[in-house]
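# structure for the following, please:
(one chain, ligands or ions: 1)
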Amino acid sequence: MSCWAREVPADLSTGTNVRRAMNDDDVGGSDLTRIAVLALLGRDGPASRATVARELDLSPATVSQVTKRLIQQGVIEPLYYAPSEGGRPGQLLGLVADAGRAVGVKLAADHLILVDVRLDGLVLATRTESFDALAPDAISRLLSSLEAFLGTGGASLLGVGVCVPGVVARPDVGDVDADVLGWSAMPLGRDLRRAVGVPVLIENDVKAFAVAQRLYGVGRSRRSFVVVTIGRGVGFACVNSGVLERGSHGGAGELGHVVVSNNGPQCACGQRGCVEAYIGADGLVAAGRAAGLLRAGQGLDHLAALADRGEAAARQVFARAGQRLAYAIAPAIAALNPELLLVAGEGTASWQHWDTAFRASLSRRLPSWMRGIPVEIDQWDESSWARGAAAIVLATPFDRNALAGQQRLQVLARLHGGDGSAGPDS
Ligand SMILES: [Zn+2]
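Numbers count the residues shown, from 1 in each chain. From the prediction side, this is the model:
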């Protein structure tokens, strides 16, 4: 892992134009530190510099430099003075919440979810539509949905983020390989950029979700955490020392497709015996059928209902899944040593039936000194993925690790009040 957070240099100069801001970053901007400050102010409301330093475990000098720059960028603003415990009153800083917003799109094989999210994480609008990823005109239909949704929004749109259940080597290029969608080297980013006229970033859905957690969730107070998602597939993402791990080709975290049995069930990726083939939704349904619990046409909801009613064999299917999940991720936890494990995804609706076996199995497979790792279960809702997609855009101006290239510079230019066309190198 080579993802050490960088501190803002003491002599960091700040500029008000885009090129200057970019050069500042090239000096070594502390990307996610700025995001963390924004997220803190966005979630908890106005706070003093001292509070920011304490909550984020940063030095007062770092907070002073970072907030000075954010004020110059017009993203946060000095507010009133509030009484402090002794000494001088502390000036509070607040987010200029409408300084930017982003539209996020979650693509699934049969539906898409669109959200409009403000810089402070507030969801302004949500829409769910049917979608057929395998249809020949899938991209043009996606464009129609997106353009209709963009038409309802106001000013300050920084860009569009799209997250997919697949591998994206570079978010700014946006070529997608996704077996679940039936897409191979699909030039989604290119096609969308041509059509919508705003910056477009494409990312793997679990990585996008982890970025959203870094901005607005568990990552606000923890610099290293991992996300595991269960649902149709099994996903994994890692934020290490404040930086999202993407791997050499965007494939970091593909634990769902590690083969655990050479003769196991067929996986959507074409291999046999992947973790996902056992404990993804289809794998659980197959296990339910093999146990005589499900008839033709009955699915995961029915299996979950049986477990809820106390059917031992149904509970056993979920417990076995919890064990397999723990075995699959324990080596990664041991390798990364995160502060927290967050379990998320549609499958958490039945987590109560995974939980006991998962925790016990994880403990058994971890070095003894890591067994106390906190495991949190996310409060999942339908728009969680799409909010992640928006977060990759909202994080971009402050994140030089995001491989966002020229799209990042254009987002940055829009945050500075332009239309992006005057951005450097664009
Ligand atoms: Zn697979």
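
# pLDDT wise, what is the spatially most central residue of the chain at?
Nearest to the centroid of the C-alpha atoms of the chain, with distances taken as C-alpha atoms, centre = their mean, sits Phe209, at 1.9 Å. Per-residue confidence for Phe209 comes out at a pLDDT of 96.

# the one 5 residues further on too?
At Arg214, the predicted lDDT confidence score is 86.

# ditto for Ala319
pLDDT recorded at Ala319 is 98.

# quick one: buried residues of the one helix or strand it maps to?
With elements delineated by DSSP states H and E, Ala319 resides in helix 312-336, which encompasses its position. Residues of helix 312-336 classed as buried: 314-330, 332-333, 336 (neighbour count, 16 or more other C-beta atoms under 10 Å). The way it works is simple: take the backbone N, C-alpha and C, and place the C-beta from them, glycine included.

# pull the distance from the one helix or strand Leu146 maps to to the chain's centre.
Secondary structure from DSSP H and E places Leu146 in helix 138-150. Offset of helix 138-150 from its chain centre (C-alpha atoms, centre = their mean, to the nearest Å): 22 Å.

# give me the buried positions along the following helix or strand past that helix.
On the C-terminal side of helix 138-150, the closest following helix or strand by DSSP H and E is strand 157-164. Residues of strand 157-164 classed as buried: 157-164 (neighbour count, 16+ other C-beta under 10 Å).

# give the rounded mean pLDDT of strand 157-164.
Averaging pLDDT residue by residue across strand 157-164 gives 95.

# so in that sheet, which strands flank the following helix or strand past that strand, and in what orientation?
Once the chain leaves strand 157-164, the next helix or strand it forms, by DSSP H and E, is strand 167-168. Here strand 167-168 has these sheet partners by DSSP bridges: strand 175-178 (antiparallel).

# which bits of this structure sit near the ion?
If contacts are counted using C-beta under 5 Å from the ion, the residues of the chain sitting beside the ion are 257, 267, 269, 271, 274.

# which residues of the stretch 301-426 of the chain fall in helices?
Using DSSP state H, counting those that start in this stretch, the helices of the stretch 301-426 of the chain run over residues 312-336, 351-365, 384-395, 405-415.

# now for the first one, which elements pack on it?
What that stands for is helix 312-336. Helix 312-336 makes packing contacts with strand 225-230, strand 234-240, helix 275-279, helix 281-290, helix 300-308, helix 351-365 when contacts are defined by 3 or more C-beta pairs under 8 Å, 6 or more residues apart in numbering; DSSP states H and E.

# parallel or antiparallel, list what pairs with the second one.
Strand 234-240 has its sheet partners listed here by DSSP bridges as strand 225-230 (antiparallel), strand 243-244 (antiparallel).

# deepest in the core, which of the ones you listed is it.
When neighbours are counted by mean count of other C-beta atoms under 10 Å, the highest per-stretch mean among the strands paired with strand 234-240 falls to strand 225-230, a mean of 27.

# circling back: between the buried residues of strand 157-164, which is nearest the ion?
For the buried residues of strand 157-164, the residue nearest the ion by C-beta to the ion is Val164; the value is 16.0 Å.

# now the stretch 1-150 of the chain against the ion: closest residue?
Among the residues of the stretch 1-150 of the chain, Ala109 lies nearest to the ion; the distance is 15.4 Å by C-beta to the ion.

# and that residue, that one's in a helix?
No: Ala109 sits outside any helix when classified using DSSP: H, G, I helix; E, B strand; the rest coil, being coil.

# who are the contact partners of Glu55?
The neighbours of Glu55, taking C-beta atoms under 8 Å, 6 or more residues apart in numbering as the test, are 40, 44, 47, 220-221.

# name the element it belongs to?
If you go by DSSP H and E, Glu55 is part of helix 49-56.

# output stretch 94-101 as PDB, nothing but the C-alphas.
Output for stretch 94-101, consisting of C-alpha atoms alone and laid out as PDB, is shown next (Å, rounded to 0.1, in the frame of the first residue of the first chain):
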ATOM      1  CA  GLY A  94     -19.800  27.000   7.400                       C
ATOM      2  CA  LEU A  95     -20.300  25.400   4.000                       C
ATOM      3  CA  VAL A  96     -21.500  27.400   1.100                       C
ATOM      4  CA  ALA A  97     -23.800  24.500   0.400                       C
ATOM      5  CA  ASP A  98     -25.100  25.700  -3.000                       C
ATOM      6  CA  ALA A  99     -21.500  26.300  -4.200                       C
ATOM      7  CA  GLY A 100     -21.900  23.000  -6.100                       C
ATOM      8  CA  ARG A 101     -24.100  20.000  -6.800                       C
END
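
# tell me which residues of that stretch come out buried.
Quick answer for stretch 94-101 (16+ other C-beta under 10 Å): 94-97, 99-101.

# farthest-apart pair in those, please.
Taking C-beta to C-beta as the measure, those reach their widest spread between Gly94 and Arg101, a distance of 16.8 Å.

# so which of the helices and strands packed on helix 312-336 is the most packed in?
strand 225-230 (a mean of 27).
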